[in-house]
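**Student:** Generate a structure from the sequence data that follows.
(4 chains)
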Protein chains: 2
Amino acid sequence: METRRIDPVNCSVARALSVVGERWSLLIVREALDGARRFGEFHSRLGIARNLLATRLETLVTAGVMRRVPYQEPGDRQRFAYELTEQGRALRPTLVALLEWGDTYLADPQGPSVVVRHRPVDDAISCDEPVKVILECAAGHGHLAPEDVCRTPGPGARFVESS
Amino acid sequence: METRRIDPVNCSVARALSVVGERWSLLIVREALDGARRFGEFHSRLGIARNLLATRLETLVTAGVMRRVPYQEPGDRQRFAYELTEQGRALRPTLVALLEWGDTYLADPQGPSVVVRHRPVDDAISCDEPVKVILECAAGHGHLAPEDVCRTPGPGARFVESS
DNA sequence: GACCTGAGTTGAAGAACTAAACTCATAAAG
DNA sequence: CTTTATGAGTTTAGTTCTTCAACTCAGGTC
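**Tutor:** A predicted model of the protein is given here:
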């Protein structure tokens, strides 16, 4: 019996992982979301090897996740910092999802070390309550369980035959 | 000036990535969520090297993400299959978040190849509408933008000094 | 007994990661 | 004007991880 499945290689998850799936990449993005901007900050916060940090930053810049911006502190020469683009900041839900999963299943006995809260950068409306990632469909059904969703072919789907 | 920051190493994201951050791990989980169970299925769907698949499955089983279960097809000897535990199924939001990010920024020109829809396994209420990952706080404010949330120390937080 | 199949294991070559030492441009101190 | 300091990388050597292909192993079929 032959069945037709969505080609697992032509998939946005695989493409996403080819950009942010290397070791350290998501941790660099996490630190950037937490305010790190300079080479030395990423290096000392993460303990990543310097050469690897350099190539990761380059990869992330090339992929459009980060941007290399010149800065100059008073009495110092011009240097470069790295900041997230909109594309990079859009990884926040992915990182919150990973954080939540780690908190739930691999937590420190004392509880989570980080809680994500509803607190904007500017002082717009907020409540400081913990934030969770939830699955919600376009019809407004929220808090879907993982079993309540399934993958279906989209407009760019390709198929493969399989036994 | 000395500031105190949450220790970036004592973090659930780092712990989560130590389990599912290796190359292929999340793709294996994705295929399992899509119904793959047997060694050969993972191998042919993903094109991963056999020995690496074997060690990845072992790692995922050891970490509690998957379970090794015996099965026997009629007229064949007993073999082993791999299925997700509850802990593994809980990675669905992470994968949906990655999928969404990939769709938005790295999409195939023809559009996404996979759309996640609200359609449960059993025939409970559902609407077949596309599913998205959203950030929602405990007070019920949904659809938070990435800028509307921030990391705060939790009960298990440790701190590091930094200049 | 010979052959087939799914599920791995082994081994060699190549790519990626780590750690530590080194370079480079500029600024400030002497 | 020479020396020293600093942040931001680069180089190099050693280790670990991935890949690919060939091989093994335990049944079941012919």
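
**Student:** Give the buried residues for stretch A:119-126.
**Tutor:** A:119, A:126 (16 or more other CB atoms under 10 Å in any protein chain shown). Any C-beta I mention is one placed from the backbone N, CA and C, and that applies to glycine too.

**Student:** What of stretch A:34-49?
**Tutor:** In stretch A:34-49, counting by 16+ other CB under 10 Å, buried: A:34, A:36-37, A:39, A:41-43, A:45-46, A:48.

**Student:** cool, and stretch A:60-79?
**Tutor:** For stretch A:60-79, the neighbour count (16+ other CB under 10 Å) marks A:60, A:63, A:65-66 as buried.

**Student:** quick check, nearest of the buried residues of stretch A:34-49 to B:I125?
**Tutor:** Distances from B:I125 to those, taken as CB to CB, are shortest for A:D34 (39.4 Å).

**Student:** hmm, back to that, keep the buried residues of stretch A:34-49, but drop any that are not near DNA strand C.
**Tutor:** Among the buried residues of stretch A:34-49, proximity to DNA strand C is found for A:I48 (CB under 7 Å from any atom of the strand).

**Student:** mind listing which of the buried residues of stretch A:60-79 are in helices?
**Tutor:** A:60, A:63 (DSSP state H).

**Student:** Of the buried residues of stretch A:60-79, which is the nearest to DNA strand D?
**Tutor:** Nearest to DNA strand D out of these is A:M66 (CB to the nearest atom of the strand; 11.2 Å).

**Student:** roughly how far apart are the spatially most central residue of chain A and B:R23?
**Tutor:** Per CA atoms, centre = their mean, the C-alpha nearest to the average position across chain A is that of A:L91, at 3.3 Å. To B:R23, A:L91 is 18 Å away according to CB to CB, to the nearest Å.

**Student:** Need the phi and psi values for A:Y71.
**Tutor:** The phi/psi pair for A:Y71 (degrees, to the nearest 10) reads phi -150, psi 160.

**Student:** Name the nearest residue to it, sequence neighbours excluded.
**Tutor:** A:A81 (4.9 Å; CB to CB, 6 or more residues apart in numbering or on different chains).
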